[in-house]
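J.: here is a sequence with its predicted model. Questions after.
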Amino acid sequence: MTANQLSIFMENKPGQLVKVTEELKETGIDIRAMSLADTKDFGIVRMIVSDCDKAQQALKAKGFMSTITKVLCVAMNDHPGGLSAVTKLLAESDVNIDYLYACITVVGKDAYIVMHVDDEKKASDILTKAGIKLVSDLQTVV
Amino acid sequence: MFFQKDIETMSRQEIETLQLERLKHQVQYCMDNVPFYHKRLTEAGISADKIKTLSDIQYIPYTTKADIRDNYPYGLFARPMKEIVRIHASSGTTGKPTVVGYTRNDLNNWSDCVARLCAAVGVNDNDIAQISFGYGLFTGALGLHYGLEKLGCAVIPVSSGNTQKQAMLLKDFGTSVLISTPSYAMYMSEVAHEMGISNEELKLRIGLFGSEGCTDALRDKIEKGFGLFSTDNYGMSELMGPGVSGECEYRCGLHFAEDHFLPEVINSETGEVLPRGEKGELVVTTLTKEGIPLLRYRTKDITRIHYEKCRCGRTHARMEKVQGRSDDMLKIRGVNVFPSQIESVMANIEGISPHYELILTRKNYTDYLEVRIEIIDESLLEKLENLEKLQKEASDKLKTVLGIQAKVTLVAPKSIQRYEGKAKRIIDKRNECQD
């Protein structure tokens, strides 16, 4: 099971993120998880949002280029060792993680992480077989 | 000081008599040895015997950089390779360079021309000359090298780069003449001073700066910084290299080597020859070249030529410092760059739009080129690595074609301004930057 992630190209200059978030606000899009890596003059903002296609359309109209990528949304127990259990399983099967970021978590509930791996089918099978829950969106979980 | 006083002080009439004789010979030589010229001169109905006065040169069609490119690499050579002893090249307007070849006589004449401009500012056989131009296909370094050697100087072929070492050599080797671009000389003086080297420890007395424009303000700063006197010189590989013209100690224009080159000034739009003293595009005919003779070559450099005798005693015409270009060529760190070269590189990269912008800035007297390109392939966003790869690919390809490092910046699609008419792709901020 995979989830849709929106990747937005952004020049590294003041005000860019404002434009994106404002536009999402106007369109009524909720951001469930996001990540922004630091680079010198450009970056890619990655997000799991309430409506990927709608968000993409709205941003395109504002001149932002984006793409939709399949990622894994993994639920795990929010206690010490939760993430290590997941990464250990992947490592044992030689699956490489390209990037990973966390989702807002409500205390006492499951924690969610978003990850992009080099072999999502294999990763998905391994994790499901080990009883780890994967979700297709983060709408209802937090 | 003169290197060839009898030639450099000939009367105007003697110069023109010599030029007419050599022009006729050069036209005949082109007709006989270069198929391109045979065809072009025949079509124009002009031949050596129809040239009676110097002004008859107006019947000869112009030669352009595009003609050299169309005959890449050796099509305009007038001698077989057996007689060519050197090949140089400069930036072409697209991916391919402009190639020139020299016979032994050409090299000999070239070094005479360079020796003249060196002697004109007082360089002599006691001098130690450090050449901090980059050696290679460009004519700057080797041109000065052979001219200075001919004068009897001890030449240090250090080439450009490694500024701390340059400064060390200036001091330890007792360099008295420095050859570099003006901006590099300025930078070198700062590095030397930072290293604790004072002007009193240096023997520097003369700077021969060239290959890029230099304002009087920058020249004064370099001269003060290093405690030397400097002159400017001019040339281009198509014609020969440095030595086509050069300043004397009075610095009131660059003396043309009129026995080897016949200059004209034209209206670059209409192609009409302008009266003496008017400003326009410089056109030059080589009078003695054997390897690659050029008739009425359009330099695209804008200048004015004065014919009055100079205070130094030289009679050869003086051209003013180049005041601009009639095309869009840029000089970046002394290297000729055509926006069309950049365009041809961009056209061969996947995932980007054909729109680009060039931004030129200056820091520490050094020019920086930034090329902004728009990404249009959305799938590149899947991995940051893809974008970094694209950036590196563009930068590597530009380095290969331009010979200089450019910073490539990726920008969002449609963020570069679109133009309905002629696109304004170059933003030159170099004169706004603080040195």
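T.: Yep, it's here.
J.: which other helices and strands contact the longest helix anywhere in chain B?
T.: When chain B is scanned for its longest helix (criterion: DSSP state H), the result is helix B:12-33. Secondary structure elements in contact with helix B:12-33, counted by 3 or more C-beta pairs under 8 Å, 6 or more residues apart in numbering or on different chains; DSSP states H and E, are helix B:35-44, strand B:261-266, strand B:280-286. Quick note: C-beta positions are derived from backbone N, CA and C, even for glycine.
J.: okay, these in a markdown table with mean pLDDT next?
T.: As requested, those are arranged in a markdown table below (pLDDT from 0 to 100):
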| stretch | mean pLDDT |
| --- | --- |
| helix B:35-44 | 98 |
| strand B:261-266 | 98 |
| strand B:280-286 | 97 |
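J.: and of those, who's closest to chain A?
T.: With respect to chain A, and counting by C-beta to the nearest C-beta, the nearest of those is strand B:280-286 at 38.9 Å.
J.: now do the next helix or strand after that closest one: everything it contacts.
T.: Using DSSP states H and E, the helix or strand that follows strand B:280-286 in sequence is strand B:297-303. Contacts to strand B:297-303, defined as C-beta atoms under 8 Å, 6 or more residues apart in numbering or on different chains, come from residues B:62-65, B:236, B:238-239, B:265-266, B:268, B:279-286, B:319-327, B:329.
J.: end-to-end on stretch B:32-52?
T.: Stretch B:32-52 stretches 19 Å from its first residue to its last (C-alpha to C-alpha, to the nearest Å).
J.: check stretch B:68-78 too.
T.: Span of stretch B:68-78 from end to end, C-alpha to C-alpha: 13 Å.
J.: what are the ranges of the strands in chain A?
T.: In chain order, chain A shows strands spanning A:3-11, A:31-36, A:42-49, A:66-76, A:97-102, A:111-117, A:134-135, with DSSP state E as the criterion.
J.: helices or strands up against the first one?
T.: When you say that, I think you mean strand A:3-11. Here strand A:3-11 is seen to pack against helix A:16-27, strand A:42-49, helix A:52-61, strand A:66-76, strand A:111-117, strand B:406-411 when contacts are counted using 3+ C-beta pairs under 8 Å, 6+ apart.
J.: do the same with the fourth one
T.: The contact analysis (3+ C-beta pairs under 8 Å, 6+ apart) places strand A:66-76 against strand A:3-11, helix A:52-61, helix A:82-92, strand A:111-117, helix A:120-129, strand A:134-135.
J.: out of these, nearest to B:G152?
T.: Across the helices and strands packed on strand A:66-76, the minimum distance to B:G152, taken as C-beta to C-beta, is reached by strand A:3-11, at 57.3 Å.
J.: indicate each strand paired with the closest one and its parallel or antiparallel sense.
T.: Its sheet considered, strand A:3-11 pairs with strand A:42-49 (antiparallel), strand A:66-76 (antiparallel) by DSSP bridges.
J.: give the buried residues for the last one.
T.: Buried positions in strand A:66-76, judged by neighbour count with 16 or more other C-beta atoms under 10 Å in any protein chain shown: A:66-69, A:71-76.
J.: swap in stretch B:245-260?
T.: By neighbour count, and taking 16+ other C-beta under 10 Å as the criterion, the buried residues in stretch B:245-260 are B:245-248, B:251, B:253-260.
J.: want to throw those into TSV with pLDDT?
T.: Below are these laid out as TSV (pLDDT from 0 to 100):
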residue	pLDDT
B:S245	97
B:G246	97
B:E247	97
B:C248	97
B:R251	96
B:G253	96
B:L254	97
B:H255	98
B:F256	97
B:A257	98
B:E258	98
B:D259	98
B:H260	98
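J.: now the residue nearest the centre of chain A: how far from chain B?
T.: Central residue of chain A (C-alpha atoms, centre = their mean): A:V114, 4.2 Å from the mean position. Computed with C-beta to the nearest C-beta, to the nearest Å, the distance linking A:V114 and chain B is 14 Å.
J.: per-residue pLDDT of the nearest residue to B:E223 once chain neighbours are set aside, please?
T.: Distances taken as C-beta to C-beta, 6 or more residues apart in numbering or on different chains place B:S230 nearest to B:E223, at 5.9 Å, with adjacent residues excluded. Predicted confidence (pLDDT) for B:S230: 96.
J.: next secondary structure after whichever strand or helix holds B:S230?
T.: B:S230 belongs to strand B:229-236 when assigned by DSSP H and E. Heading C-terminal from strand B:229-236, the first helix or strand you meet, by DSSP H and E, is strand B:241-247.
J.: if we can go back for a sec, residues contacting the residue nearest to B:E223?
T.: Residues in contact with B:S230, defined by C-beta under 8 Å, 6+ apart, are B:121, B:182, B:185, B:206-209, B:219, B:222-223.
J.: quick one: end-to-end distance for stretch B:300-318.
T.: 18 Å.
J.: hmm, I was thinking of stretch A:57-71
T.: 20 Å.
J.: contacts for that stretch, please.
T.: Taking contacts as C-beta under 8 Å, 6+ apart, the residues outside stretch A:57-71 that touch it are A:2-10, A:19-20, A:23-24, A:26-27, A:29, A:48, A:52-53, A:55-56, A:114-116, A:120, B:375-376, B:378-379, B:381-382, B:412-415.
J.: got the domain ranges for chain A?
T.: A:3-69, A:71-135 (automatic domain parsing).
J.: which among the ones you listed is found nearest to B:I342?
T.: Distances from B:I342 to each of the domains of chain A were compared by C-beta to C-beta, and the smallest falls on domain A:3-69, at 18.4 Å.
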